[in-house]
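Trainee: structure of the sequence below:
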Amino acid sequence: MHSNETWTPTQEDIEWTKKVVKGLVSGQDWMEGEMAFRKTGEEELTLLTRTERAYLALERVQTILEIIGWHLKTDTAKIIPDDPQAAAEAIQDEVQGWVCPACKEVHVVDMDLENVRWKEMGNTVYVDEEGNSMEQDRWVVAVTCACKEELFLSPDDYYLAAGDINFYRWIYEDNGKTWVARALSNEEIIARVDETKPSLVWKYGNDQHLGTTFQGSTVPPHMRGTYCTFSRLTAGEEEE
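Mentor: Numbering: from 1, shown residues only. Model (predicted):
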């Protein structure tokens, strides 16, 4: 256990933290340095994740929360090792152990991680050094277990479980049809540029550049700015 007895927060520290936490709504996340918190009660935060080296920063946050009368839960937090290789191994071990909370039998890695849906659910608060709050859409990935239970994974957790190829794949609806947008790799983009004449324009149904919205749907943040190729999705299978 590391002592934080020598550190005393300034009034500015206290007021800044108070401004941040009082601006949160239930279920909203707060990212601070190498720590992630979520508001889980009227005056309660739950630590979601932190790195090993963030222990002093966490103790300082906890000290301030105690001063302003807030409770911090830390017992279920994920501790990420500082060593990159150890962190990767620890995360992979954890991912392999994730199971459906309903049936408690099917592992997440064994679920259909290809045909998932990205959804907006609330928002996340980011705070700059001046204490200004900035809200961003909170995205989750809906994964369906064989027992029909719907699980919501964070984008980071989905990436760990599903891998790079599935992560850059977005399923959306347009005019009663289901489409799959797959982000092109750098190699694919270079190949297309080399084979495309300057006067030609990429058209829908082939390759398109995604912005904030596309065909009436909001594009998940990680897909914005990518060039994608498209295919129809019917009865769980792609049609080129």
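Trainee: in contact with the residue nearest in space to the middle of the chain, which residues?
Mentor: Nearest to the geometric centre of the chain sits residue 155, at 3.2 Å (CA atoms, centre = their mean). Residues in contact with residue 155 (CB atoms under 8 Å, 6 or more residues apart in numbering) are 139, 140, 141, 167, 220, 222. For the C-beta atoms, the positions are set from N, CA and C on the backbone; glycine is no exception.
Trainee: and for residue 75, the neighbour number?
Mentor: Residues lying near residue 75 (other CB atoms under 10 Å) number 6.
Trainee: so which helix or strand takes in it?
Mentor: Secondary structure assignment for residue 75, by DSSP states H and E: no helix or strand.
Trainee: tell me the confidence at it?
Mentor: On pLDDT, residue 75 comes in at 92.
Trainee: so residue 166 sits in a strand?
Mentor: No. If the criterion is DSSP: H, G, I helix; E, B strand; the rest coil, then residue 166 is helix and not within a strand.
Trainee: begin at 337 from here
Mentor: Shifting the count to begin at 337 puts that one at residue 502.
Trainee: who touches it in this structure?
Mentor: Contacts of residue 502 by CB under 8 Å, 6+ apart are 449, 450, 452, 494.
Trainee: out of those, which are buried?
Mentor: 449, 452, 494 (16 or more other CB atoms under 10 Å).
Trainee: returning to what we had before: let me have the contacts of residue 502 in a markdown table, adding secondary structure and pLDDT as columns.
Mentor: Converted to a markdown table, the contacts of residue 502 look like this (DSSP: H, G, I helix; E, B strand; the rest coil; pLDDT from 0 to 100):
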| residue | secondary structure | pLDDT |
| --- | --- | --- |
| 449 | coil | 95 |
| 450 | coil | 93 |
| 452 | coil | 95 |
| 494 | helix | 91 |
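Trainee: could you find which two of the residues you listed are furthest from each other?
Mentor: Greatest spatial distance in those: 450 and 494, 11.3 Å, computed using CB to CB.
Trainee: now residue 389. Nearest residue, chain neighbours left out?
Mentor: residue 418 (5.1 Å; CB to CB, 6 or more residues apart in numbering).
Trainee: spell out the secondary structure type for the one you found.
Mentor: Criterion first, three-state DSSP; result for residue 418: coil.
Trainee: tell me who's in contact with it.
Mentor: Contacts of residue 418 (CB under 8 Å, 6+ apart): 387, 388, 389.
Trainee: can you select the buried ones from those residues in PyMOL?
Mentor: A single PyMOL command selects the buried members of the contacts of residue 418 (16+ other CB under 10 Å):
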select buried, resi 387
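Trainee: much appreciated, bye for now.
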